[in-house]
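In: Could you work out the structure for the sequence below:
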Amino acid sequence: MRKFGAAFALGAFFVSGLGPAAAQSWPPWADNAFDRRLWGYDRDSRWERPEQAQPRESRRPGSEGGDVREGGARPDIAPEAPPVVAFAHDFPGNSIVIDTGGRKLYYVLPDKRAYEYAISVGREGFNWTGTETVSRKQAWPDWHPPAEMRERDPKLPEKMTGGLQNPLGAMALYLGNTLYRIHGTNDAKSIGRAASSGCFRMLNPHVLHLASMAEIGTTVNVVSALPRGQEVSRAPAPEAAPRAYRQPTAPDRSEAPSEVLPNYRALRDYTLGGR
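Out: Next up is the predicted model:
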């Protein structure tokens with residue numbers, strides 16, 4: 001019993017020597033016994049489940065009570081113009097037309113031409129059509145995933161600051177009062193696919209080029225397919241009637257021009273009647 005009491009007192013002495021601050025931090029002697037990364041321990045804040053642990057430099061508490069992720073670097077990106085194509089459709093100039101079926105975005109120019117950008121559109125169940133206007137433009141925008149999106153993916157933060165890691169890319173054009181945007185992306189493999197939750201993704205150099213022309217108030221028409229060009233209806237030309245086959249016949253000499261023939265009878269009479 002005396003040995004047990006001595007051991008208990010000795011243990012209490014070492015624990016009390018750590019102090020209040022040590023009781024809230026990772027004990028130095030435990031570095032060799034446990035791997036903090038396996039347990040998702042955050043020295044400066046709290047214990048977290050391993051699947052929710054994030055690097056300290058990319059995650060911090062947000063003002064909303066949730067967490068904020070850093071979006072990373074914001075390098076200078078030069079705008080890049082896409083090809084100019086023929087655009088024989090009845091949309092006004094200086095407007096944006098999004099063909100979700102063709103996965104193309106057009107900025108309409110005069111003379112029936114347009115800039116043609118490859119884009120990513122909403123996946124099945126998230127695609128939509130309609131008319132909106134550009135209500136805001138923001139370089140390196142912050143991203144606030146909607147609650148519905150966070151319910152589908154609990155690993156998403158409540159906010160991510162603008163940067164290369166931010167899925168909104170280098171520029172976002174906000175559409176009316178909706179949650180939808182035309183925005184940049186670093187994921188070039190997603191372009192040309194139906195992969196978003198209703199927004200329209202473009203390569204960062206392309207969205208910067210579009211934003212340099214599209215002003216606040218620009219009309220954005222989202223259609224499932226561009227209308228086909230009007231085709232002039234023409235009646236087919238009548239086929240020529242087949243020519244009847246005629247058996248070749250001997251020439252009709254009655255139709256031939258008359259010939260001046262010698263008068264053989266007069267010649268005979270002249271010969272015999274010379275007496």
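In: For Asp153, grab the count of nearby residues.
Out: A count of nearby residues for Asp153, using other CB atoms under 10 Å, gives 8. Backbone N, C-alpha and C define where each C-beta goes, glycine included.
In: Next one: it from Ala147, what distance?
Out: Separation of Asp153 from Ala147 (CB to CB, to the nearest Å) stands at 11 Å.
In: end-to-end on stretch 189-198?
Out: 17 Å (CA to CA, to the nearest Å).
In: Now do the buried residues in it.
Out: Going by neighbour count (16 or more other CB atoms under 10 Å), the buried part of stretch 189-198 is Ser190, Ile191, Ala194, Ala195, Ser196, Gly198.
In: what does stretch 104-120 give?
Out: Buried, per 16+ other CB under 10 Å, within stretch 104-120: 104-108, 113-120.
In: And for stretch 135-151?
Out: Ser135, Lys137, Trp140, Pro141, Trp143, Pro145.
In: Mind checking which of the residues you listed are in strands?
Out: Under the assignment DSSP state E, these contribute Ser135, Lys137 to strands.
In: Kindly indicate which of the buried residues of stretch 135-151 lies nearest His206.
Out: When the buried residues of stretch 135-151 are ranked by distance to His206 (CB to CB), Lys137 comes first, at 14.6 Å.
In: what sits against that closest one?
Out: Taking CB atoms under 8 Å, 6 or more residues apart in numbering, we find Lys137 in contact with Met171, Ala172, Leu173, Tyr174, Ala211, Ala214, Ile216.
In: repeat for Met171
Out: Contacts were defined as CB under 8 Å, 6+ apart; by that measure Met171 touches Lys137, Gln138, Ala139, Trp140, Pro141, His183, Gly184, Asn204, Val207, Leu208, Ala211.
In: taking those residues one by one, which sit in helices?
Out: Counted as lying in helices by DSSP state H, out of the contacts of Met171, are Asn204, Val207, Leu208, Ala211.
In: which strand residues sit across from Val220 in the sheet?
Out: With DSSP bridges as the criterion, Val220 is bridged to Ile96, Glu132.
In: re the thing from before, filter the ones in helices among the contacts of Met171 to the buried ones?
Out: Of the ones in helices among the contacts of Met171, these count as buried by 16+ other CB under 10 Å: Asn204, Val207, Leu208, Ala211.
In: Is it possible to get TSV of these that adds distance to Leu179?
Out: Output for those, formatted as TSV (distance: CB to CB, whole Å):
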residue	distance to Leu179
Asn204	21
Val207	18
Leu208	22
Ala211	19
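In: Looking at the buried residues of stretch 104-120, which is nearest Leu179?
Out: Ser120 (16.4 Å).
In: Report the contact partners of the closest one.
Out: Arg103, Thr185, Ser190, Ile191, Gly192, Arg193, Ala194, Ala195, Ser196, Phe200, Arg201, Met202.
In: Now, these that are in helices?
Out: Assigned to helices by DSSP H, none of these qualify.
In: Now flag whichever of the residues you listed is closest to Arg228.
Out: Arg228 has its nearest neighbour among those in Arg103, at 17.7 Å by CB to CB.
In: The closest one: what's it in contact with?
Out: Arg103 neighbours (CB under 8 Å, 6+ apart): Ala118, Ile119, Ser120, Val121, Gly192, Arg193, Ala194.
In: Repeat the analysis, applying 7 Å as the threshold.
Out: Contacts for Arg103 (CB atoms under 7 Å, 6 or more residues apart in numbering) come out as Ala118, Ile119, Val121, Gly192.
In: For the last one, give me the pLDDT.
Out: This means Gly192. The score at Gly192 is 94. That number is its pLDDT.
In: same question, Val260
Out: Per-residue pLDDT puts Val260 at 53.
In: Tell me where the stretch 1-150 of the chain has strands.
Out: For the stretch 1-150 of the chain, applying DSSP state E, counting those that start in this stretch gives strands covering 59-61, 67-69, 84-86, 96-99, 104-109, 113-118, 121-122, 130-139.
In: So, low pLDDT: which residues of the stretch 101-250 of the chain?
Out: Along the stretch 101-250 of the chain, segments meeting pLDDT under 70 span 229-250.
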